[in-house]
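[1] curious how this folds, go ahead:
(chains A and B)
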Amino acid sequence: MRINEMKKDFPKFPCDVLVIGTGAAGCAAAITAAEKTAKVLLVNKGTFGRSGTTCLGSVVYAAGLGHTDERDTPDCHFLDTIVEGRYLGNQELVKILAEEAPRTVYDLERYGVSWYKRGEKIIDPSRYDYFQLPSPPHRYNRGVHQNEKTGQAIQKALCKEVRKHSRGIRIADDIYIWKVVVNDGRVQGALGLDLRTGQIAAFPCKALVIASGGAGSSYKVTDMDTGATGDGYALALDAGAELIDMEFTQFFPTSFVHPESLQGIIVATSALWTSGLKLYNKENQRFMARQFPSTGENLPRDILSRHIFMEIEAGRGTPHGGVWLDTSDIENWEGVRKDRPRSYMWPERFGVAARRFEIAPTCHFTLGGIRINEKCETNIAGLYAAGEAAGGVHGANRLAGNALAECTVFGQIAGKEAAGWRREEMGGVDDSAVGQEIEKRANLFQPGSGRGHIRSATLVRKLREIMYRDVGVVRDRNGLTRAREEIAKLREAAENDLEVIPGKIFNYDQIHAFELFNMLDLCQLVIQGASRREESRGAHYRRDYPATQDPKWLKNNVYRRREGALQIETVDVKTPYVQIPESSGHE
Amino acid sequence: MNDPTVRVKIERYDPEKKEHYLQTYEVPRGSKARVLDFLNYIFEELDPSLAYRRHLCKARMCHGCLMMVNGKPRMVCWEVVSPEQNEITLSPLRGRTVFKDLVVDFGGQELEEPGESSPP
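    Purely as a prediction, here's the structure:
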């Protein structure tokens, strides 16, 4: 069946609050909205409890509890986050993150997360109970954790809690949302494709929360879930909402490059960088120590990623295009291996020497996102965003453990605020508008039309290679221009020659075509933002502008689409709580 | 020297015709190591109509890639195809409703339109 035949008789599933995405942010939003008596529909394109990147969160959940180091407070957490974000973070949002994170630790424990407790040096057991790990550049031990399964434990606990609200929350798996319907600046609902029936379905709602995660899958090497295709950003932009800081993408320095099969999976978490991990190039030179004699490898993620990338680019990489990560000098290595099997089980299983791995940076986190205020509101009435889908918290770089905390803290706020619409009138997803949308999409591609010859998988692969090469860890004018031109050609190919196979039920070829168009839009937007920011700051490194430009670029880029054209507005950072020092540069 | 191939036999189900059938793919081994690599190759290079869960963590945490590998429930992101193996058989996770091919119902709720046989 062609898409444009589907517009007759599509089913409608009304709710008060529609939540897109079932990772930590989506689940937290659904729970809080249901507690406020809203009828929630929680949809995702995969399956509940098995979708999203939350389960991959490896160790720390940042919260300024001050249990392990009593010097720590939410104020310290606030300041560390602002400094690590190179002063671009939205101070109002960061304040909320720092102040609310400790409370969410207790919420998650109540839902079933078994945080590690400290078994020694307990002075006052009622206060000093959570075992908080160090995770530089957090100044103090701040990361509560359930060893290296923190993300998975949080996901499981939240899912269990969602299930308890069986009256308030309905879960719908295998729903791909491809349009947020807005009328007169107010959310009306969404349109989606039900993979199980192959039918278009409409989801009229009073408020809508986008919690669909990041866009790591637009990069060749990523540790994100393969579903992280940035759908939420594309939906929001199309709906008239604004995005912020999209030029910033965080890379994690140490992921496998060999065996190829494991590309992108993180090898060593940041705690190891402080305890003797060493990096070598193919000439067996410890290149980080050469440039940073006092710190060696013990540096923030962005700096480490950049130097690894440039070492490989300069032709001093390993046989499979990485650098060597050597564990020989790690104190108590056997203990680490035993305690943290998650990373180290892979080499054993895949027959790679366990002392030395070939590693390279992996796309880890989309720092920017949908622009929200303190209530998680966007500029569209009734449209909310939370978690990685939202932007503004991390600025130019992110601290370990802030992503999971962001998901719970802002998921809850989005859920509470969205529930506030429950007594309002239901949004109407009117049939003619739906018909138009379906027509528009049908003009892009028609499953089984036989008009094209290129598969979306082929175009996605090319897109990911371009993004990793030119719009990743290191950027410059030439690379960005080349990427823009090559992606424009991919778009042309997608519009003219894309072939999508016929078939209604679980036609992933069709879903990937939707995702492809989202990613093409998004990648062009990232390139434009990265080209505009002629400086280096945090995760955004311009080889042609290596210095941080203060105060010229102490600014956020805000992205919006008006009448089909992308606009980028550069706005000042507001500083209600902490003034920006004269130079915010790091390196 | 020719790249050796691995014979991947898949128990498929076409929900539109309500038909179960066995399909065999010859997949060049290349640098593939995990069963998931073989499935990805089949989907991306040979047959996009093959359905298996495509949105996955690929790192043993989401458990979304569970299926029967040679008759045993396995995560295909973790299951290695050893150099000695030249054939594997994949079928949907046992005990679950099969939606299509290797995609099963993991227990999310069915959508029912209000007013149409909706539960009390």
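[2] give me phi/psi at residue A:435?
    Main-chain dihedrals, residue A:435, degrees, to the nearest 10: phi -60, psi -40.
[3] residues near it, how many?
    15 (other C-beta atoms under 10 Å in any protein chain shown). To be clear about C-beta, it is placed using only N, CA and C from the backbone, and glycine gets the same treatment.
[4] for residue A:89, give me its contacts.
    A:81, A:82, A:392, A:393, A:394, A:395 (C-beta atoms under 8 Å, 6 or more residues apart in numbering or on different chains).
[5] kindly present those residues as a markdown table, with separate columns for pLDDT, distance to residue A:34 and secondary structure.
    Shown next, in a markdown table, are the contacts of residue A:89 (pLDDT from 0 to 100; distance: C-beta to C-beta, whole Å; DSSP: H, G, I helix; E, B strand; the rest coil):
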| residue | pLDDT | distance to residue A:34 | secondary structure |
| --- | --- | --- | --- |
| A:81 | 97 | 30 | helix |
| A:82 | 97 | 33 | helix |
| A:392 | 97 | 26 | coil |
| A:393 | 98 | 25 | coil |
| A:394 | 97 | 28 | coil |
| A:395 | 97 | 32 | coil |
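[6] cross-check these against chain B and keep the overlap.
    Here nothing survives when those are matched to chain B using C-beta under 8 Å from any C-beta of the partner chain.
[7] who wins on neighbours among those?
    The contacts of residue A:89, ranked by neighbours (other C-beta under 10 Å): first place residue A:394, 32 neighbours.
[8] hmm, residue A:400 and that residue touching each other?
    No - Residue A:394 is beyond contact range of residue A:400, at 11.4 Å (criterion: C-beta atoms under 8 Å).
[9] the residue of the stretch 251-400 of chain A found nearest chain B: how many residues sit nearby?
    As assessed by C-beta to the nearest C-beta, chain B sits closest to residue A:261 within the stretch 251-400 of chain A, at 3.9 Å. Neighbour count of residue A:261, defined by other C-beta under 10 Å: 21.
[10] do residue A:574 as well
    10.
[11] would it count as being in a strand?
    No - in this structure, residue A:574 is coil, not part of a strand, as judged by DSSP: H, G, I helix; E, B strand; the rest coil.
[12] if I look at the closest residue to it other than its chain neighbours, what pLDDT would I see?
    Leaving aside its chain neighbours, residue A:574 sits nearest to residue A:91 (6.6 Å; criterion: C-beta to C-beta, 6 or more residues apart in numbering or on different chains). Residue A:91 is assigned a pLDDT of 98 by the prediction.
[13] how about residue 61, what does it touch?
    No chain specified, so I'll use chain A. A:101, A:105, A:108, A:143, A:144, A:145, A:150, A:154, A:401, A:404, A:405.
[14] should've been chain B
    Contact analysis of residue B:61 by C-beta under 8 Å, 6+ apart lists A:55, A:56, A:149, A:151, A:152.
[15] got it, and residue A:549?
    A:534, A:535, A:537.
[16] same check on residue A:313?
    By C-beta under 8 Å, 6+ apart, the neighbours of residue A:313 are residue A:474.
[17] now do the SS call for it.
    helix.
[18] look up how far residue A:470 lies from it.
    Distance, residue A:313 to residue A:470, by C-beta to C-beta, to the nearest Å: 11 Å.
[19] could you do residue A:109 as well?
    Shown here: residue A:109 relative to residue A:470, a distance of 44 Å by C-beta to C-beta.
[20] so for these two, which sits in the more crowded spot?
    Relative neighbour count places residue A:470 above the other of residue A:109 and residue A:470, with 21 against 14, counting by other C-beta under 10 Å.
[21] strands of the stretch 351-500 of chain A, start to end?
    Assigned by DSSP state E, counting those that start in this stretch, the strands in the stretch 351-500 of chain A fall at A:356-366, A:369-371, A:383-385, A:390-391.
[22] where among the ones you listed is average confidence lowest?
    The stretch with the lowest mean pLDDT among the strands of the stretch 351-500 of chain A is strand A:356-366, at a mean of 94.
[23] please see if it touches chain B.
    No - on the criterion C-beta under 8 Å from any C-beta, strand A:356-366 is out of touch with chain B, staying 11.1 Å away.
[24] for chain B, what are the nearby residues on the stretch 401-550 of chain A?
    Residues of the stretch 401-550 of chain A lying near chain B (C-beta under 8 Å from any C-beta): A:455, A:457-458, A:461, A:501, A:503-509, A:511-512.
[25] hmm, try it at 7 Å
    By C-beta under 7 Å from any C-beta of the partner chain, the part of the stretch 401-550 of chain A that sits against chain B consists of A:455, A:457, A:501, A:503, A:504, A:505, A:506, A:508, A:509.
[26] measure stretch A:46-65 end to end?
    35 Å (C-alpha to C-alpha, to the nearest Å).
[27] just stretch A:58-67 next, same as before
    Stretch A:58-67 has its terminal residues 21 Å apart, counting by C-alpha to C-alpha.
[28] return the distance of that stretch from the chain's centre.
    Put simply, stretch A:58-67 sits 19 Å off its chain's centre (C-alpha atoms, centre = their mean, to the nearest Å).
[29] okay but residue B:32 is in contact with residue A:261, surely?
    Yes - proximity of residue B:32 to residue A:261 meets the contact threshold set by C-beta atoms under 7 Å, at 6.4 Å.
[30] returning to that earlier point: the residue of the stretch 251-400 of chain A closest to chain B - that's part of a strand, no?
    No - counting by three-state DSSP, residue A:261 is not part of a strand but helix.
[31] looking at residue A:126 now. What's its pLDDT?
    52.
[32] now render the strands of the stretch 351-500 of chain A as CSV, adding distance to residue A:114 and mean neighbour count.
    Listed next are these as CSV, based on distance: least, C-beta to C-beta, whole Å; neighbours: other C-beta atoms under 10 Å in any protein chain shown:
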stretch, distance to residue A:114, mean neighbour count
strand A:356-366, 26, 26
strand A:369-371, 30, 29
strand A:383-385, 30, 31
strand A:390-391, 28, 30
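[33] for residue B:37, find the nearest of those strands.
    Among the strands of the stretch 351-500 of chain A, the nearest to residue B:37 by C-beta to C-beta is strand A:356-366 (17.4 Å).
[34] what's the offset of that closest one from the middle of its chain?
    15 Å.
[35] using PDB, list the CA coordinates for it.
    Output of strand A:356-366 as PDB, limited to C-alpha atoms (Å, rounded to 0.1, in the frame of the first residue of the first chain):
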ATOM      1  CA  ARG A 356      46.100  -3.100  24.700                       C
ATOM      2  CA  PHE A 357      43.100  -2.100  22.700                       C
ATOM      3  CA  GLU A 358      42.800   0.000  19.500                       C
ATOM      4  CA  ILE A 359      40.500   2.900  20.400                       C
ATOM      5  CA  ALA A 360      39.100   6.100  18.900                       C
ATOM      6  CA  PRO A 361      36.500   8.700  19.900                       C
ATOM      7  CA  THR A 362      32.800   7.800  19.700                       C
ATOM      8  CA  CYS A 363      29.800  10.100  19.400                       C
ATOM      9  CA  HIS A 364      28.400  10.100  22.900                       C
ATOM     10  CA  PHE A 365      26.000  12.900  23.500                       C
ATOM     11  CA  THR A 366      24.000  15.500  21.600                       C
END
